[in-house]
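>>> Coordinates only, no sequence provided:
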């Protein structure tokens, strides 16, 4: 073991000779340490780290994983997995986010920088023991100190580097489906949004837009004159977002396949032959994204689509998902043949079925192929969690090279910490279950802790059939998530806003309008989180220190000013809410019509109609509200509304930038500093414009602690 | 359509010429009606009944099914299904319980007496439409009128006949596992309960106790001298409960098989050959339980086990579950073979897997076999939902003939309304998910509405791995359910009370002791519900008429006196509770040590430690509490404690009987009538003993509305 001091709060412990994952962007100075802080180490077959928790300790983190914000009670495996059944017992989802924070008698964070499998047993085997196991003994462990969970997270976000920011239009509503099968179907969807005057910025192309599921091809039958089509749709106000898969179809004369073979850019088996496994198109090879040359090669292929006018992508199947290999299929078929004359009992019958079920994403297959990392052959299984990360890095770096300084929309299914610098993620193939709204809520701050800010779930649920109420309630939560996309699977009920009845259409329209009106605040909070290494969604306990706030897992803080209490139960007409302090409640039916009430510190049952979105504004905080438009580019926010709940003094920094380039990284952005101070008889506003040329007027609605509204107006000097 | 008046509140509408299901025990007089009340009928391919709901109407019912107590928003298929993944989107579980109550602008109940598939679309397709569809147009529909949901249920329970009562020992704690593999394993489990002084009444024998999974056989290697073993275990204080499967193994010289073939008692295919499908033992025939002769024949086979000292059974796999038929297996294998040389893409790969997955419980197979009902061949698919019902009826009638007037423990997996007269049910193969505790809670009153009172879930969860906290919280709910059994699947973590740590063992021991102390109340309430055609678990709204009570789905009333607020969320240290009136809260750590607090009408957050079971006693109600013992037969309740919360007057009828025979049906039972009345300065108790010879003393703990405890004692004249 070696130890390195990264800064006053972070020590890296290196065991063996780990592969560089590029998750952490800082290195440090060597430091003498004969033991790792907090943990007992056991090195047997695995390397394990054990810590005894107090009964009331809370463990936060693990990004995209099951169970609560408090991860206690569960066992989790960091191993990127394509598993479409997100039942509560699943140990792995698509991402490997090995960062946790222990908040109790001790307060510290741990990042297990391990590209292979890591297991977090957080009081599952024994209720008071936290045990982390890594199969590969070459690993970096970071211990992060801080005074509070929030500060520890901030320290961690500091060492892993600045988070990806999408273009501003990607904060608009987005509509997806597996699949809108052709140009005609897409046009119809676009027209429906326009007809119904429901704002929308993007429509998705799922796998069927390609010719035989080949990356960077277009099915010419379904989409003749694709370039013109992209432009036509853009003229209507929508961007098209195609999906890209990790697997490259094995097909003679398919250029990507031919080039990859010729240049040796695919993963190989132990004999150096290109590794074969099936995904959407059937048998494929897999670009070796861990080989920097191959990574650059694949990344530049996105140009095939950017040249046609495409400005956003979603990278899928990059765990990588493997439907079957020749080995697995053969084994299953042999078992089937051998069963032909047998009298299969319960055990042999289950074994036969399992052969077919377990053909996919089989560990044996993951152990059978190799990467070329700086000239060294490395078994895939040992670096499994870096694959999707590096596919998406490939895309991000490629897009940067293709069009320097432009922000593209990009998000991925598989991920690892570090990938947050290149893109967002969506939370994969969830289901139209009420339970998955709650999971969505709980997962958001956990992902933020791991650096991922541009995130969202398939609103309405991907698998299973949604009813109108579920889509309504889910939309009413998702309208606060940076990635706000409605998506559903083939064979399920359609769930676009206008796919239900008139009432539902109306309610969803109002909810989406609210989203667009909130974009000034949402974008400001998002970009400030990027720049300040902060979270966008926070657990209550990250701000409030009372005991009850630590136990609230179904409410979130959004940025500096808001608290959310989403509805996630069928037929509910309200819900319980806990207020750690007095707050202002705005139940939004239509954002133009505003009525507020003050809710006192404590526990409350809040009535919330199906057409209402509850927004709590914290004390001495303010919300910036604009107006909606058909899409983000049409937003006209010359006038902004400032809704504030002020006891004595509130301050806010309103951030904005061009929303298109990466100039914000060079400090080219604007701010408006707003301060509201209560004097004896009135409120005094101080507004300091730091470069904003778009906003001309601020309309203040200041609510005092007695619920009186004070209306004011301020003009900005341009 | 014909109409029949059963009584002032119930009209039966007969469409076509339906099969008699024996669900309803009353017939009626013909009545002229040209339309069914409440519904619009459409007869196309299916027969459908449509009703437009008001926005706030609640729909209760459907017994064993997914979603909330209020079934709105879901689509449900009444088709007994062996599906071990109880995800929220499953339309069918093991039972077909086609009774619903609409509680809104109109109040009425509907029972769709249809042995084939019935679909209830309760605001799924359109949020305001209730649509019931039956595939077979021969059907009886009962419309039940009443002033309230509770009264409508009572009317319904009146027409379907008196519910099964198990022996009193079946109210003890029961321990199960798939499987305790041999006599030695069972002995070890029994000894652990004794060593730890944890009360327990029964230990289960899952499928591996049989020789090659053959019904009514014993694996002599695992269980040598079975009869002596049963007696030894009984001497230790436990009963053994073997499982019985619907399928009979095809094996030469196996007597049940040989007899069934010889007598023609098995279901046949369209050519009259005995139908073949595989279950546990591999290929089986299926007793034709719809043929009364075959039913009697199979029922009397239980004698093979009662003669060995067995007094309880669980009937399984009686949907019937079909692992595969020759057709399905062949089709799957052929598909596999044809795939050998193919490049399977996403669609063909999924299709291949589906062939193997869908081999089981395939509709095509259900349509391919026949019953002999009174000499007529009837396709199974049309009467599918009667199969498990009649298997269990076969057992119940057999056991009655084997040992007249004795109460046996009997419960089934598949069921139909009407089967409640013969046995209980357990809710099948759930999972160790927190969500399944909540599902368990919500399902209990729905099942009671359909006549099933002896019910319970696999406590701790069947599939998946449980942690100690989940087993603790689940046990703390299940201790109130009539069937109180901990069960888990092969390959999962052991979840007996002593399988975790010392703390957990201690908490579970106290919870199980509480159950035994509550048996006087639980048994009294259970038997009164049987005799009075009442529910044991009720939604709050069945007693309280305020609007909020209608929306509470995570609290239950238990009998006359108690309200339950179980914890079903991981790491919770309390929960919200709604009180429709002031109640007395007893947070039970050890039932011998009692501390109470008064909680006022309204919403509250209640702290509930992991070692606490919250029990609310309603105003002007009382709880009867005894003492625990190692098993039910050792209970000594000469002294009973009466815990009462009295504002002015409380009354209770304490029921008891011999707990062993069916004499209670002939009014051979005892009651103690207890009345507590507040006078100006004191409380006056009136106790009227109606034949009870066991109870000698009543110790009163009367809490007044100010929280003062008044202790009194009364002696009973014997």
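Happy to help now that I have it. Predicted, not measured: the structure shown is a model, and the values here were computed from it. Numbers count the residues shown, from 1 in each chain, chains lettered A, B, ... in the order given.
>>> after the helix or strand of chain A with the lowest mean pLDDT comes which helix or strand?
Ranking every helix and strand in chain A by mean pLDDT, DSSP states H and E puts strand A:40-43 at the bottom, with a mean of 92. Sequence order places strand A:47-52 as the next helix or strand after strand A:40-43, per DSSP states H and E.
>>> Contacts for that next one next, please.
For strand A:47-52, contacts defined as Cβ atoms under 8 Å, 6 or more residues apart in numbering or on different chains pick out A:15, A:36, A:38-42, A:102, A:110, A:128-134, A:137, A:139, A:141. To be clear about C-beta, it is placed using only N, CA and C from the backbone, and glycine gets the same treatment.
>>> partners of the least confident helix or strand of chain A, with directions?
Strand A:40-43 sits in its sheet next to strand A:47-52 (antiparallel), going by DSSP bridges.
>>> Could you list the buried residues of the strand it pairs with?
Buried residues in strand A:47-52, counting neighbours by 16 or more other Cβ atoms under 10 Å in any protein chain shown, are found at A:47, A:48, A:49, A:50, A:51.
>>> Repeat that for stretch A:89-104.
So for stretch A:89-104, counting by 16+ other Cβ under 10 Å, buried means A:89-103.
>>> Ok, stretch A:34-49 next?
Per 16+ other Cβ under 10 Å, stretch A:34-49 contains these buried residues: A:36, A:38, A:39, A:47, A:48, A:49.
>>> Show me what counts as buried in stretch A:482-494.
Under the neighbour-count criterion of 16+ other Cβ under 10 Å, stretch A:482-494 has A:482, A:483, A:484, A:485, A:486, A:487, A:488, A:489, A:492, A:493 buried.
>>> To clarify, my last question referred to stretch A:289-309.
For stretch A:289-309, the neighbour count (16+ other Cβ under 10 Å) marks A:289-292, A:294-295, A:297-303, A:305-306, A:308-309 as buried.
>>> need the residues of the stretch 151-300 of chain A near chain B, please.
Contact residues (Cβ under 8 Å from any Cβ of the partner chain) of the stretch 151-300 of chain A with chain B: A:207, A:212, A:213, A:278, A:279, A:280, A:281, A:282, A:283.
>>> again, only this time at 10 Å
Residues of the stretch 151-300 of chain A found near chain B (Cβ under 10 Å from any Cβ of the partner chain) are A:207-208, A:212-213, A:249-251, A:278-284.
>>> Among those residues, which one lies nearest to residue A:706?
Closest to residue A:706 out of those is residue A:207 (57.3 Å), distances taken as Cβ to Cβ.
>>> surely that closest one meets residue A:247?
No: applying Cβ atoms under 10 Å as the test, residue A:207 and residue A:247 come out as separate, 11.3 Å apart.
>>> quick one: common contacting residues for those two?
When contacts are counted by Cβ atoms under 10 Å, 6 or more residues apart in numbering or on different chains, residue A:207 and residue A:247 are jointly contacted by A:213, A:279, A:280, A:281, A:317.
>>> Which of these has the largest number of neighbours?
Per-residue neighbour counts (other Cβ atoms under 10 Å in any protein chain shown) across those peak at residue A:279, which has 27 neighbours.
>>> Give me the pLDDT value at that residue.
Per-residue confidence (pLDDT) for residue A:279: 97.
>>> Measure how buried the closest residue to it other than its chain neighbours is and give me the count.
Among residues not flanking residue A:279 along the chain, residue A:247 sits closest, at 3.8 Å (Cβ to Cβ, 6 or more residues apart in numbering or on different chains). By the criterion of other Cβ under 10 Å, residue A:247 has 26 neighbours.
>>> Might you report the residue contacts of residue A:247?
Counting by Cβ under 10 Å, 6+ apart, residue A:247 has contacts A:213-215, A:276-287, A:317-318, A:320-323.
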